[in-house]
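A.B. asks: Structure, please.
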Amino acid sequence: MKIVAVAVFAADGLDALLTPLHGLGPAAILSILAVFTVVVTKTLNRLVITKRFIHLEKEFQRLSQLRREAMQCEDREKGRLMAKNIDKGELNRVYYDYFFEGLLLGLARKVLPVAILVAFINEYFRPERLSALFGKSYVFKFNGLGGEPILIGAVFWYVLSLLVGYLAWSLVQRKLNRRKKKDLLPSAFLSESM
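C.D. replies: Numbers count the residues shown, from 1 in each chain. Sure, this is the predicted structure:
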């Protein structure tokens, strides 16, 4: 019950923080929440990492390299048997531990923040509440092919905004990486290539 009370308190607090933004409309508020989620998940990806995950990653890389070296042995049959022993001995266990540790970290860093905000939006931006706050029970309305209106709800708009946010983050990061690579190239190399 204490966990539920804390969750309700946090959701009410977030709702109170969003109250001054009601003049922007539900689409803008949901887009802001999506951008906030992207920033939080990207920050958590950099900050939340366990020592065990780092250790398992190094161990997996070491065993994979050892297996590759065994496969390059002059005697193919002997190399295959050594690689098989490495697989049976440690590599499979380390791989599964590494995989599950990464999966759990991914859930904590990416899925959990998104799921929490989807639950918040599902509760605090439900159609009845949207009607009371903004005068309409939907975020957007489009005319369909048959003349029937297509209503875009809060959760759908949030997920769409979230996908656009991740895409924009990826494009900006790619552009920045290209610029860094270009800046790191020696000026002599650039003048020779031109």
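
A.B. asks: From now on I want contacts and neighbour counts done on CA atoms only, so please keep to that.
C.D. replies: Will do.

A.B. asks: Looking at the chain, which residue reaches furthest from the middle?
C.D. replies: No residue in the chain sits farther from the centre than residue 75, which is 45.2 Å out by CA atoms, centre = their mean.

A.B. asks: Kindly provide the distance from residue 129 to residue 122.
C.D. replies: Residue 129 is 10 Å from residue 122, where distance means CA to CA, to the nearest Å.

A.B. asks: re earlier: model confidence at the residue farthest from the centre of the chain, what's the number?
C.D. replies: The per-residue pLDDT reported for residue 75 equals 75.

A.B. asks: let's have the chain start at 188 instead
C.D. replies: Noted, 188 is the first residue going forward, which turns the last one into residue 262.

A.B. asks: Residue 332: what secondary structure?
C.D. replies: Three-state call for residue 332 (DSSP: H, G, I helix; E, B strand; the rest coil): coil.

A.B. asks: Number of residues surrounding it?
C.D. replies: Residues contacting residue 332 under the criterion other CA atoms under 10 Å number 8.

A.B. asks: ditto for residue 298
C.D. replies: Neighbours of residue 298 (other CA under 10 Å): 13.

A.B. asks: dump the residue contacts of residue 330.
C.D. replies: 336, 337 (CA atoms under 8 Å, 6 or more residues apart in numbering).

A.B. asks: For it, give the beta-bridge partners.
C.D. replies: On the basis of DSSP bridges, residue 330 is bridged to residue 336.

A.B. asks: any idea how far it is from residue 337?
C.D. replies: Distance, residue 330 to residue 337, using CA to CA: 6 Å.

A.B. asks: And for residue 215?
C.D. replies: Distance, residue 215 to residue 337, using CA to CA: 19 Å.

A.B. asks: can you check residue 210 too?
C.D. replies: Distance from residue 210 to residue 337, by CA to CA: 24 Å.

A.B. asks: How about residues contacting stretch 285-301?
C.D. replies: 224, 227, 228, 231, 232, 235, 236, 239, 240, 243, 244, 247.

A.B. asks: measure the third one to residue 301 for me?
C.D. replies: Distance of residue 228 to residue 301, computed by CA to CA: 8 Å.

A.B. asks: and if you look at the first one?
C.D. replies: Using CA to CA, one obtains 7 Å as the distance from residue 224 to residue 301.

A.B. asks: ok, now the last one?
C.D. replies: Plainly put, residue 247 is 30 Å away from residue 301 if you go by CA to CA.

A.B. asks: Please, where are all the helices along this protein?
C.D. replies: Remark: helices assigned in the chain by DSSP state H are 189-205, 213-234, 238-258, 263-273, 279-293, 299-311, 314-321, 341-371, 374-380.

A.B. asks: Just the C-alphas of the fifth one, formatted as CSV.
C.D. replies: Going back to what we said before, that points to helix 279-293. This file holds the C-alpha atoms of helix 279-293, laid out as CSV (Å, rounded to 0.1, in the frame of the first residue of the first chain):
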residue,chain,number,x,y,z
ASN,A,279,27.7,-20.2,-23.1
ARG,A,280,27.3,-19.5,-19.4
VAL,A,281,29.0,-16.1,-19.7
TYR,A,282,26.9,-15.3,-22.8
TYR,A,283,23.6,-16.0,-21.1
ASP,A,284,24.6,-14.1,-18.0
TYR,A,285,25.7,-11.2,-20.1
PHE,A,286,22.5,-11.3,-22.2
PHE,A,287,20.2,-11.4,-19.2
GLU,A,288,22.1,-8.7,-17.3
GLY,A,289,21.8,-6.5,-20.4
LEU,A,290,18.1,-7.4,-20.8
LEU,A,291,17.4,-6.4,-17.1
LEU,A,292,19.4,-3.2,-17.5
GLY,A,293,17.5,-2.4,-20.7
